[in-house]
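# coords please:
(chains A and B)
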There are 2 protein chains.
Amino acid sequence: MKRFLFCISYNGSAYHGWQVQKNSLTVQHVVQDAIEKVTGFRNDVVACSRTDAGVHANNFFFHMDSDLKITPYNMRRAVSGYLPLDIEIKSVIEVDSSFHARYSAKSKEYIYKIWNSKIRNPFLNNLVWNYGRCLNLDRVKLAAKELIGEHDFTSFCSVKSDVKNKVRTLHNIEVLKDDSMVNFKLVGNGFLHNMVRIIVGTLVNVSEGLIDPMSVRDIINKKDRKAAGKTAPPYGLYLNNVTY
Amino acid sequence: MKRFLFCISYNGSAYHGWQVQKNSLTVQHVVQDAIEKVTGFRNDVVACSRTDAGVHANNFFFHMDSDLKITPYNMRRAVSGYLPLDIEIKSVIEVDSSFHARYSAKSKEYIYKIWNSKIRNPFLNNLVWNYGRCLNLDRVKLAAKELIGEHDFTSFCSVKSDVKNKVRTLHNIEVLKDDSMVNFKLVGNGFLHNMVRIIVGTLVNVSEGLIDPMSVRDIINKKDRKAAGKTAPPYGLYLNNVTY
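Sure thing, here's the model as predicted:
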């Protein structure tokens, strides 16, 4: 038995997220269909994480086991042939059976893209959050700094989440502006449901003056989703990388 | 009577080019529909040039006349409201009645984008030419240099063109590589039908060893479309700017 680790990239616009659902098209469903055409078996693949509907991935990892005599290179080529153009396999490697796409992850990196201009970019529909008001990045960076570190991120987690331990370490938030594009890069040991989107939505509320940059510590301490700001829309979010 | 100069950007993927056609959806048709909803009149707008089906524009100019009492700012806002998300108005200004979007153009700049990797980019479908073989940019640049200057570009013009004078001046060709993206930037006083796409296709044939970089002068001198290389696909092409 071999364990294959896939790294894929996908444009999530057309999908109801990663995870298989009844009655909805998801990335996992399409990927498993493609693999089944190659291996002849229905494999449940094991992913590094989930993504919500409309969310994208630059480097998303999953593993699967197979006793098929096939090289990782040929696996990549064969499965690629059955995938649509909005899902691309970047690499396939063979890993040890002790490796796990989810549990072996040491840290994850997300990017959130805001197109900060009154003039939309017609090439980026569904790929950014179009936000027309001028972002005050000095305020945003001040607030972002307060979020870095180990905290209970209950205030920045969807109330729908049933995860018990909401303590996570946010290693870094970078805010980079390049012309009209503002990229938020977040690195952490793990992320709660909607955590990046609530952080970005809160930082935008800080820019708008609705939240004081120095009140971020209070928001964390309240451990109450209502204390934080709005949830940014899904289409600006990219799972950028996973470190193993 | 006022003359308004519009600068628009569009993702051409969904359109049969710029110019109005019977029985096909074009960018001009959609733009004129939107303007009619604002002005109440069917205006034929006058464009800087045409683009083929699937070709994009970062900055495309057209003018129109109206005796409506409306500021350029409000014209932009009003017409924008009736446009789909793949066509965006970047600016509207008032110009003198002697100004002409086509005849006043001094030079034009096109960009051609090649995604040069065996691994496609799922965010760039229809926005680049996916080309998997490694481009030899040294050869490409040698050949490109030979094209710069004033020449009869008959060999680099679609045989369907009925333009008589095929002499144009190509001011510059830049070839810039950024990771997997190769951008060809061409600036000239005017371009013939398919000229950029035939130049890029020929340069790719040079990279492949099918055409010698030093034979480009001969190709020009033959004044025969068959002497040049293939026509690159439309979806990598962007009208990037017009200088007036």
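
# Pop the domain breakdown of chain A in here.
In terms of domains, chain A is parsed into A:2-95, A:107-243 (source: automatic domain parsing).

# okay if I get those as CSV plus distance to chain B and mean pLDDT?
Quick note: C-beta positions are derived from backbone N, CA and C, even for glycine. As requested, the domains of chain A are exported to CSV (distance: least, Cβ to the nearest Cβ, whole Å; pLDDT from 0 to 100):
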stretch, distance to chain B, mean pLDDT
domain A:2-95, 4, 95
domain A:107-243, 4, 97
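
# a markdown table for those, including distance to B:Gln32 and mean neighbour count?
Compiled in a markdown table, the domains of chain A are given as follows (distance: least, Cβ to Cβ, whole Å; neighbours: other Cβ atoms under 10 Å in any protein chain shown):
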| stretch | distance to B:Gln32 | mean neighbour count |
| --- | --- | --- |
| domain A:2-95 | 29 | 18 |
| domain A:107-243 | 18 | 18 |
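
# I'd like the ones you listed written out as a markdown table, with distance to B:Ala53 added.
Output for the domains of chain A, formatted as a markdown table (distance: least, Cβ to Cβ, whole Å):
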| stretch | distance to B:Ala53 |
| --- | --- |
| domain A:2-95 | 18 |
| domain A:107-243 | 16 |
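
# In terms of helices and strands, where is the residue of chain A positioned farthest from its centre?
Most distant residue from the mean C-alpha position of chain A: A:Lys69, 32.7 Å away (Cα atoms, centre = their mean). Using DSSP states H and E, A:Lys69 falls within no helix or strand.

# ranges for the strands of chain A?
A:2-10, A:46-47, A:56-66, A:87-95, A:107-115, A:129-130, A:149-152, A:167-178, A:181-188, A:237-243 (DSSP state E).

# Could you export those strands as TSV, including distance to B:Met64?
Formatted as TSV, these follow (distance: least, Cβ to Cβ, whole Å):
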stretch	distance to B:Met64
strand A:2-10	41
strand A:46-47	52
strand A:56-66	38
strand A:87-95	42
strand A:107-115	28
strand A:129-130	27
strand A:149-152	56
strand A:167-178	34
strand A:181-188	31
strand A:237-243	40
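
# These: which one's closest to B:Glu174?
Taking Cβ to Cβ, strand A:167-178 is the member of the strands of chain A nearest to B:Glu174, at 20.3 Å.

# Give the partner strands of that closest one in its sheet and their orientations.
If you go by DSSP bridges, strand A:167-178 pairs up with strand A:149-152 (antiparallel), strand A:181-188 (antiparallel).

# quick one, which of the ones you listed is nearest to A:Leu85?
strand A:181-188 (23.6 Å).

# Quick one: distance of that closest one to the chain centre.
11 Å (Cα atoms, centre = their mean, to the nearest Å).

# Can I get that strand in PDB? Just the C-alpha atoms.
Written as PDB, here are the backbone C-alpha positions of strand A:181-188 (Å, rounded to 0.1, in the frame of the first residue of the first chain):
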ATOM      1  CA  MET A 181      -4.600  45.100  -4.200                       C
ATOM      2  CA  VAL A 182      -4.400  44.700  -0.500                       C
ATOM      3  CA  ASN A 183      -3.200  41.200   0.700                       C
ATOM      4  CA  PHE A 184      -3.600  40.000   4.200                       C
ATOM      5  CA  LYS A 185      -1.200  37.100   4.900                       C
ATOM      6  CA  LEU A 186      -2.000  35.100   8.100                       C
ATOM      7  CA  VAL A 187       0.200  32.300   9.400                       C
ATOM      8  CA  GLY A 188      -0.900  30.200  12.400                       C
END
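
# Return the residues in contact with the residue positioned nearest the centre of chain A.
Against the mean C-alpha coordinate of chain A, by Cα atoms, centre = their mean, the closest residue is A:Leu239 at 3.1 Å. For A:Leu239, the contact set (Cβ atoms under 8 Å, 6 or more residues apart in numbering or on different chains) comprises A:48-49, A:51, A:55-60, A:108-110.

# Could I get these in a markdown table, plus columns for distance to A:Glu150?
What follows is these, written out as a markdown table (distance: Cβ to Cβ, whole Å):
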| residue | distance to A:Glu150 |
| --- | --- |
| A:Cys48 | 21 |
| A:Ser49 | 20 |
| A:Thr51 | 24 |
| A:Val55 | 25 |
| A:His56 | 28 |
| A:Ala57 | 26 |
| A:Asn58 | 26 |
| A:Asn59 | 25 |
| A:Phe60 | 26 |
| A:Lys108 | 15 |
| A:Glu109 | 17 |
| A:Tyr110 | 18 |
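
# surely A:Cys134 meets A:Asn116?
Yes - between A:Cys134 and A:Asn116 there is a contact at 7.1 Å, judged by Cβ atoms under 8 Å.

# so how far is A:Lys222 from A:Gln28?
35 Å (Cβ to Cβ, to the nearest Å).

# returning to what we had before: any idea which of the contacts of A:Leu239 is closest to B:Tyr10?
Closest to B:Tyr10, out of all of the contacts of A:Leu239 and judged by Cβ to Cβ, is A:His56, at 22.6 Å.

# CA atoms of stretch A:230-244 as CSV?
The C-alpha trace of stretch A:230-244 is given here as CSV (Å, rounded to 0.1, in the frame of the first residue of the first chain):
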residue,chain,number,x,y,z
LYS,A,230,-18.3,41.4,10.3
THR,A,231,-17.4,38.3,8.4
ALA,A,232,-15.5,39.2,5.2
PRO,A,233,-17.0,37.5,2.1
PRO,A,234,-15.6,34.1,1.0
TYR,A,235,-14.3,34.9,-2.4
GLY,A,236,-11.3,36.9,-1.2
LEU,A,237,-9.9,34.0,0.8
TYR,A,238,-7.1,31.6,-0.3
LEU,A,239,-5.6,28.7,1.6
ASN,A,240,-2.1,29.6,0.5
ASN,A,241,0.0,26.9,2.0
VAL,A,242,0.4,24.2,4.7
THR,A,243,3.7,23.5,6.4
TYR,A,244,4.4,19.9,7.4
